[in-house]
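Asks: Make a model of this:
(chains A, B and C)
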Amino acid sequence: MSVEIELAGEGGGLATEEMVLNMGPQHPSTHGVLRFIVTADGEVMRRAVPDIGYLHRSIEKIAEKVGWHGFMPYTDRVDYVAAMTANQGWAMCAERLGGIEVPKRGEYCRVIAAELGRACSHLLGFGAMGMDIGAITPFTHALREREMINDLLEELCGARLTFNYLRIGGVAWDLPPGYEEKVLRFLDRFELAVDEMGELLSDNRIWVERLAGVAPVPPAMAMAYGLAGPNLRASGVNYDCRKAHPYSVYNDFEFDVPVGTGEKGELGDCYDRYICRLREIRQSSRIVRQAIEKIPDGPVIAKVPRNFKPRAGDCHVVLESARGEMDWYCASDGTEYPYRVHIKTGSFTAMSIMEALSPGLMIADLVAVIASFDIVAPEVDR
Amino acid sequence: MSYIGNITDTFSSIFEGMSITFSQFFRPAYTVQYPDRMPVRVQDTLPYRYRGILEVDLEICTGCLACERACPINCIVIDAEKNKETKALVLKRFDIDMAKCMYCGLCSEPCPTGSIHHTREFEGSDYSLESLVRRFVKVPVDAYKPKKTGENDPAIVPILERGMRYIEEFAQPEKKAS
Amino acid sequence: MQGFIDSLLATTTTGLSRELAYLGGMIGFGALVVFGFILPMAGITSWLERRVWAKIQSRVGPNRVGPGGFLQWLADGLKNLLKEDVIPEAADPTLFRLAPYIVVAGFVAAFVAIPFAGSLIIADLNIGILYISAVTSLVVVGILMAGWSSNNRWSMLGGIRSASQIISYEIPAGLSVFPVVLLSGTLSMQGIIENQGWAPVDWHMFHSPFTLAAFLMSYIALLAEGNRTPFDLPEAESELVAGFATEYSGMRSLLFFLAEWGNLYVIGAIMATLFMGGWQVPAFTDNVVLLTVAQFGMFFAKTYFWVFVAMWIRATLPRVRVDQLMSLCWKYMVPIAMVNMFGTALVMVVIPEGSRLMSYALCGLMLFGLVRFGRRVNYHLKRSRRYDTVGAIMPV
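Replies: Here you go, the predicted model:
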């Protein structure tokens, strides 16, 4: 015998009222300064509209004023969690316009730095996601490892967050003496530590319940909204710029692209996005190992004049940042200042899908969804 | 059946998680208790390439303005004038606004003598923006002129040596490349 | 308490009337318990919690005030007392001011019936456990008041969440008490403890599989009632900013946390009393004072074990969602608690004297679980040894 409850519309016949919640920009789990205007009926959301523009710093416009070399430190600020790949995007733009060939060793240095940076960024995403869902321990464990990567990068380029390591034509500094060994030693421990972090959360029943089946993004929808990077791959679309159109020296390395399979819930749900990111950390460390093994001798930077003036024209560069495909468009009029720069980032598209995903989710889910997309606020606005 | 399965799964996965966290009780803490409970100062543990607060050795500054031009945010201001009598370049002002500086290191790269360089000092907090402006020229001084025969002034030699080492290890990667 | 005063009166020869001695003892002991035990204990729990978390998270935790940071709670308390007490303009000022006191009153009142030792209890009520589960529910009134009067939607959500959660979990918590009440035939805390022995085999926990399950259900339900992770939804700092305490500042805000940490002790005390033999120690001496001290130590240790487990759980588990919280309660815990109740009754009918064999078997099962746990810990520890030595690349 089953008891049937008549539901007269929403709220089971009781008159309910929607309320508007202002989530952010100072909300603890909006990763920087995001703002969502949430229309909710009790705990259930009707709509969550992202309000972007709190971190707009006109980085694209700044490029037109500071010149080709001078823009490099600003690219760090595009995505300060994975600054290395943003550096690389700008360097690749300028190199393509200027017709500069980067020395092989320089490219390898770039790959090592970029992959360490990617692991760094995913660790933060992983930790913050744990924090948002209420597990406080993974955050500090992830940051413990991240600090060590930061130490390594600090030794490489002198900064921990805004690296400014790459230059047009190569990298600023060669690997310091004994660096390769240090990185390998670190990776030995790092892989074990990442395994352990995964064991702490991945199979935990509460964790799975919170993420599996929440806000699934079907492949078609993911592509329609232009999701990028781990978010896209979690939806089962096997697209990684490093494989699809290899730039730099990524052709030399063997690595897998983790793709979501909906193993615990539906395809493209929060759990898939989480597990893809976690697995990508392992792939990054795999690439770094190979890069260190194969790194050739030679110069790290090509000769580039101080007052670098590329040819007039434009170029479009695609590379895989930690938050997905990063598109750099750059137009030059042949002077020492770029004519126009435009950057398309993964966080921006992830932000745009939020409104479509939100109806019917709970407020607690919204936090999980934001965290699973690994949105970094400055990358949204640039 | 899935009812029982849910329960056992919940308990076993929590069991595993709890064992990981319990093992943490026997592991070391990684905290660096900055600043007072450190065996050495943090500054001394930083790598050579660390980009801290900028420092200028006026003794070897040639007044070439390369750093001023390289700075993307114009936080370096240099006034250099030719002294009509001695024909030497006189530095009247060399200010770096550390409040604006973003520690990118682009200024120290083109420096020919390694005069402007990053130190490993990073504790720069102060009560006013004004006091963050570092004014290196107290009284106008003559700019350094590289001598063809090599430097032999005992007061300058060590500073220049430091500067050249800085260049070699840190800045001007093109020089190494070519 | 009565017995303790009686024994004191018997040993000393003052001309005090019995009633006066009882009254004085009651008030004196009550005040002693509140100011000398509950408040410092809640503070020390906060310090301990932070240290335990820190240890689990590869950190150090508060270690500057006093030896090992032990006096951190005093420093925090003083600091919060000196802070500005902001009351939002749009808040309901009376309710807003009143709410923290109701919350604190709710948990302090529970200490009336919580035993400390064989003769140390403020009042050995004959409805002890019922009384405790009733007054601890007073907390929900305070939280709801705080959520409502703050005039903030996040606070409101927190308050409502807390109300629904505490009210729902009262049921499995109450049902899990029944098996114990059936076994001991009394609701009095001291009576329940006296029904058990000091040895684990004599504990209610190991009476039958049903009481063992009731013991687990009871702990989970009490965690939920105390708003502890994984059920800390009312204050869910990543979802609701700080839940019902969002608008509170200074000492008022601290009072909520005082109640939370104090509640931990209450949870531990209930667990120790109902299932783990309370203050029972082997009768090793005739000295009343020495015996009382030993009993107090035993009870305190058992209680703090559960407080520690709650901290440890908080550092391990993520938070459940509102609907999962409810489905866990109504689909899993309530039916299981029901089964436990009837199962215990059945066992009591079939084997009225209780089966020693079953108790030993359950003890063995628990031991087996602990050994397995130890082996898992050892495995993780061994692996971590590998990398903790491999990668000492931090600057210091």
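
Asks: Report the contact partners of the nearest residue to residue B:63 once chain neighbours are set aside.
Replies: Distance criterion CB to CB, 6 or more residues apart in numbering or on different chains; nearest residue to residue B:63, sequence neighbours excluded, is residue B:143 at 3.4 Å. C-beta here means a position set from N, CA and C on the backbone, and glycine is covered the same way. By CB atoms under 8 Å, 6 or more residues apart in numbering or on different chains, the contact list for residue B:143 reads B:61-63, B:80, B:88-91.

Asks: tell me, which helix in the chain spans the most residues?
Replies: You didn't say which chain, so I picked chain A. helix A:104-133 (DSSP state H).

Asks: That was the other one, I meant chain C.
Replies: Longest helix in chain C, counting by DSSP H: helix C:356-390.

Asks: check contacts around the closest residue to residue B:29 other than its chain neighbours.
Replies: Of all residues not flanking residue B:29 in the chain, residue C:60 sits nearest, at 4.9 Å (CB to CB, 6+ apart). By CB under 8 Å, 6+ apart, the residues touching residue C:60 are B:29, B:31, B:33, C:54.

Asks: Could you list the contact residues of the stretch 251-382 of chain A toward chain C?
Replies: Where proximity means CB under 8 Å from any CB of the partner chain, the interface of the stretch 251-382 of chain A facing chain C comprises A:362-365, A:367.

Asks: do that again at 6 Å, thanks
Replies: Contacts of the stretch 251-382 of chain A with chain C, taken as CB under 6 Å from any CB of the partner chain, map to A:364, A:367.

Asks: And the strands in the stretch 251-382 of chain A?
Replies: Per DSSP state E, counting those that start in this stretch, the stretch 251-382 of chain A carries strands over the ranges A:313-321, A:324-332, A:338-344.

Asks: ok, now chain B?
Replies: B:54-56, B:76-82, B:89-97, B:116-118, B:133-135, B:141-142 (DSSP state E).

Asks: Among those, which one carries the weakest average confidence?
Replies: Note on the strands of chain B: lowest mean pLDDT is at strand B:141-142, with a mean of 77.

Asks: That one packs against which elements?
Replies: Contact here means 3 or more CB pairs under 6 Å, 6 or more residues apart in numbering or on different chains; DSSP states H and E; on that basis strand B:141-142 packs against no helix or strand.

Asks: Run through who's touching that strand.
Replies: B:58, B:88, B:90-91 (CB atoms under 6 Å, 6 or more residues apart in numbering or on different chains).

Asks: Point me to the helix or strand that includes the residue nearest to residue B:29.
Replies: Using DSSP states H and E, residue C:60 is not contained in any helix or strand.

Asks: Now the phi/psi pair for it, please.
Replies: Taking degrees, to the nearest 10, you get phi -110, psi -40 for the backbone angles of residue C:60.

Asks: Emit the ChimeraX select command for whichever of the contacts of residue B:143 are buried.
Replies: In ChimeraX, this line selects whichever of those come out buried by 16 or more other CB atoms under 10 Å in any protein chain shown:
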select /B:61,62,63,80,89,90,91
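
Asks: quick one: the closest residue to chain C within the stretch 151-300 of chain A from residue A:179, how far?
Replies: Here the stretch 151-300 of chain A gets closest to chain C at one residue, residue A:189, 3.4 Å apart by CB to the nearest CB. Distance of residue A:189 to residue A:179, computed by CB to CB, to the nearest Å: 16 Å.

Asks: Looking at the two, which one has more neighbours?
Replies: Each of residue A:189 and residue A:179 has its neighbours counted (other CB atoms under 10 Å in any protein chain shown); residue A:189 has more, 20 against 16.

Asks: which parts of the helix or strand harbouring the more buried one are buried?
Replies: Assigned by DSSP H and E, residue A:189 belongs to helix A:179-201. Across helix A:179-201, burial judged by 16+ other CB under 10 Å covers A:179-180, A:182-183, A:186-194, A:196-201.

Asks: ok, which stretches of the stretch 201-350 of chain A are helices?
Replies: Secondary structure of the stretch 201-350 of chain A (DSSP state H, counting those that start in this stretch): helices at A:205-211, A:219-224, A:230-234, A:241-244, A:270-294, A:346-352.

Asks: hmm, back to that, is there any residue in the helix holding residue A:189 that contacts chain B?
Replies: Yes: remark: helix A:179-201 sits within contact range of chain B at residue A:200, by CB under 6 Å from any CB.

Asks: sorry, back to before: was I right to think the residue of the stretch 151-300 of chain A closest to chain C contacts residue C:384?
Replies: No: Residue A:189 is not in contact with residue C:384 according to CB atoms under 6 Å; the separation is 9.3 Å.

Asks: ok, the residue nearest to residue B:29 to chain A distance?
Replies: 11 Å (CB to the nearest CB, to the nearest Å).

Asks: and what of residue C:82?
Replies: Counting by CB to the nearest CB - residue C:82 and chain A are separated by 25 Å.

Asks: what about that residue, neighbour count?
Replies: 9.

Asks: Let me know the pLDDT of it.
Replies: 89.

Asks: can you check residue C:305 too?
Replies: 90.

Asks: Skip the chain neighbours and tell me the closest residue to it.
Replies: Nearest non-adjacent residue to residue C:305 (CB to CB, 6+ apart): residue C:268, at 7.1 Å.
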